[in-house]
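Enquirer: turn this into a structure:
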Amino acid sequence: MSCTRLAIVGPATWSGLIPRLAGALRAYGIEAAIDGYGFGDELTVLAGQHKAFFAGPPAGVFVIQDARVLFRKWLRDPRSADDPEADGRDAARLLIGSLQALRERIPETSWIVGTLAPPYPNSGDGVGNPASTDAFTRATMNFNGELWRAWEGGTLDVLDLERVGAEWGTRTLFDPRLDQLARFPGSAHGMAVLAERMAARWAATAGRMKKVVALDCDNTLWGGVVGEDGVDGIQMGEDGAGRAFVMFQEALLALEARGVLLTLCSRNNPHDVEEVFARRPEMALRRERLAAVAIGWDSKTAGLQTLARQLGLGLDSFVFVDDNPREREEVRQALPMVTVPEFPDDPADLPALGAELGWRWFQRVRPTQEDRQRTTQYRMRAAAEELNAQTGSPVEFLRSLNMTATIHVDNPNLVSRMAQLTQKTNQFNLTLHRYTEAEIRGMLHHPAWHLFAGTLADRFGDHGVVALLIAQDTGRAWKIDVLVQSCRVLGRGYEAAFTTAVIEYLRERKTLPIEARYVPGPRNSQMEAFCPELGFSQEQESTGDRGAYRLAPDKTPVQHRGFIDLRWEVSA
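Expert: Next comes the predicted model:
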């Protein structure tokens with residue numbers, strides 16, 4: 001396992017947090033070496049003057065500020081005639097400007113800024129009305145607001161520590177003795193909570209989040225057993241015990257809205273479950289929001305395997321939620337790659353479980369248009385498969401799809417989606433290279449790198465950006481560093497049409513050999529034959545690497561345009 005270098009920057013002692021963060025990262029399969037920069041060091045880092053930091057920049061940096069340090073003047077002189085709201089905005093803009101300069105200097109580093117959590121004890125009056133709230137709190141509120149505006153504009157990545165403070169309560173998270181003696185305000189519990197949130201945030205940046213929630217039905221989506229209690233007898237509604245189940249469904253819908261696929265994996269009579277969706281208006285989760293279902297009397301293990309086949313996704317992208325401890329243990333033993341969280345004993349805690357699923361396993365650094373349309377896109381995939389089964393031949397099927405595609409060249413507006421494709425694609429993935437958004441931005445700033453993002457639409461709708469090829473001009477060859485395509489649109493010929501079109505584009509700019517290397521992984525065996533099918537020759541004799549391929553400059557790749565109307569869009 002490779003080791004990731006991370007750093008924490010801010011006016012505090014970080015030695016107690018660092019081992020907790022390293023431990024929390026291991027839950028995501030991330031081994032990290034973490035450095036802390038505090039007590040003046042944070043200022044030299046943010047000013048770009050810390051020699052040791054810039055001698056070997058880390059992959060990611062958490063910037064965690066202390067409101068009491070930033071706005072101490074308002075604690076010492078709350079009667080000041082200055083404007084605390086402007087003070088908060090100006091402090092945030094100064095920090096954002098520093099980070100933008102640092103991002104240009106080391107574009108491969110991801111900078112994640114924490115919102116200011118309210119300190120404990122807090123001198124605020126608790127009214128919450130900006131007109132009557134103390135100046136210190138108003139400065140803090142405006143600082144956080146400016147950070148979120150920068151996040152919305154795509155110029156900043158944010159870790160919402162203010163929400164964490166609100167969720168747990170500052171009295172629980174802070175320890176006045178540690179604050180005074182060790183200059184770290186967090187309690188032991190507070191450090192554990194902070195470490196978990198930071199680890200989840202970095203896991204999201206590194207593409208370690210999950211894709212699918214597989215849900216049991218009885219006593220999970222609703223209270224009771226539909227086969228025994230009947231459709232009208234199960235617990236679900238706006239009052240009483242059923243309210244927790246409705247709130248849990250609402251939390252699941254929030255996940256679905258940002259790209260998580262919701263599925264059912266339940267031992268039930270399928271007709272009974274469909275009747276619940278059809279006849280119970282209290283159901284917040286509607287049938288059309290489900291990407292796939294596996295309902296019957298097979299084991300939960302078999303159900304999960306069926307869902308994985310239906311969606312074309314690996315089981316390691318699933319989180320399985322079930323109230324039955326025996327079923328949970330069966331899945332843990334049979335399918336250890338599936339994440340199986342504990343289920344609360346009290347249904348009242350179900351909304352909290354929904355929230356935890358969101359931050360722990362389904363964070364999105366910056367949701368893309370593809371995320372927002374994820375369920376619809378998988379339904380489009382199912383419709384295309386149904387059409388394929390009905391048509392007489394593959395050629396007739398492909399012609400009937402009416403496919404159109406656009407290849408975007410070096411488009412900075414697609415950074416989030418391009419990083420996402422490298423992180424989440426496992427089947428059609430030539431090199432298995434994974435990149436963060438910061439690393440993708442770094443390539444866009446480098447003249448030797450070119451990034452090609454391909455969209456695809458058909459008669460069923462727009463699939464969004466589904467393909468990515470990243471090429472590097474090494475001086476002697478065009479090297480394919482990344483070649484990936486979403487599994488949702490495999491088998492339509494787009495993978496070959498997209499790749500050959502990009503190769504032609506590269507050769508129009510510089511006539512060089514095209515080099516590629518197949519890196520075998522658990523699920524990308526189909527890629528071994530892809531380069532030879534396009535006309536690449538294997539370079540094992542000259543390099544000793546059986547995965548090395550080369551397309552000579554005088555050799556034209558085998559054409560695979562098929563039935564796709566292909567267009568180009570080149571960024572200035």
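Enquirer: report the contact partners of residue 569.
Expert: 406-409, 411 (Cβ atoms under 8 Å, 6 or more residues apart in numbering). C-betas here are computed from N, CA, C, even on glycine.
Enquirer: what about the host helix or strand of it, distance to the chain center?
Expert: If you go by DSSP states H and E, residue 569 is part of strand 564-570. On the basis of Cα atoms, centre = their mean, to the nearest Å, strand 564-570 sits 28 Å off its chain's mean C-alpha point.
Enquirer: could you do stretch 481-492 as well?
Expert: 18 Å.
Enquirer: what does stretch 375-392 give?
Expert: 26 Å.
Enquirer: for stretch 266-283, same thing?
Expert: Its chain's average C-alpha position is 31 Å from that of stretch 266-283, according to Cα atoms, centre = their mean.
Enquirer: so which bits of that stretch are buried?
Expert: With burial defined by 16 or more other Cβ atoms under 10 Å, the residues of stretch 266-283 counted as buried are 266-268, 272-273, 276-277, 280, 282-283.
Enquirer: so which of these are in strands?
Expert: Among the buried residues of stretch 266-283, DSSP state E puts 266-267 in strands.
Enquirer: among the buried residues of stretch 266-283, which pair sits farthest apart?
Expert: 267 and 282 (22.8 Å; Cβ to Cβ).
Enquirer: so which residue is dead centre in this protein?
Expert: residue 364 (3.7 Å; Cα atoms, centre = their mean).
Enquirer: mind naming the longest helix for the chain?
Expert: helix 84-105 (DSSP state H).
Enquirer: what helices and strands are in contact with whichever helix or strand comes after that one?
Expert: Later in the chain than helix 84-105, the nearest helix or strand by DSSP H and E is strand 110-114. On a contact count with 3 or more Cβ pairs under 8 Å, 6 or more residues apart in numbering; DSSP states H and E, strand 110-114 meets strand 60-63, helix 84-105, strand 157-159, helix 188-205, helix 437-444.
Enquirer: so what are the sheet partners of the first one and their directions?
Expert: As defined by DSSP bridges, the strand partners of strand 60-63 come to strand 3-9 (parallel), strand 110-114 (parallel).
Enquirer: alpha carbons of the first one, as CSV, please.
Expert: Listed in CSV are the C-alpha atoms of strand 3-9, where the atom choice follows Å, rounded to 0.1, in the frame of the first residue of the first chain:
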residue,chain,number,x,y,z
CYS,A,3,1.7,6.1,1.6
THR,A,4,-0.1,9.4,1.0
ARG,A,5,1.5,12.6,2.4
LEU,A,6,-1.0,15.0,4.1
ALA,A,7,-0.6,18.1,6.3
ILE,A,8,-2.7,20.0,8.8
VAL,A,9,-2.2,23.8,9.0
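Enquirer: next, residue 264: secondary structure please.
Expert: In three-state terms, and counting by DSSP: H, G, I helix; E, B strand; the rest coil, residue 264 is strand.
Enquirer: what pLDDT is listed against the nearest residue in space to it that is not next to it in sequence?
Expert: Excluding the flanking residues, the one nearest residue 264 by Cβ to Cβ, 6 or more residues apart in numbering is residue 293, at 4.3 Å. Per-residue confidence (pLDDT) for residue 293: 95.
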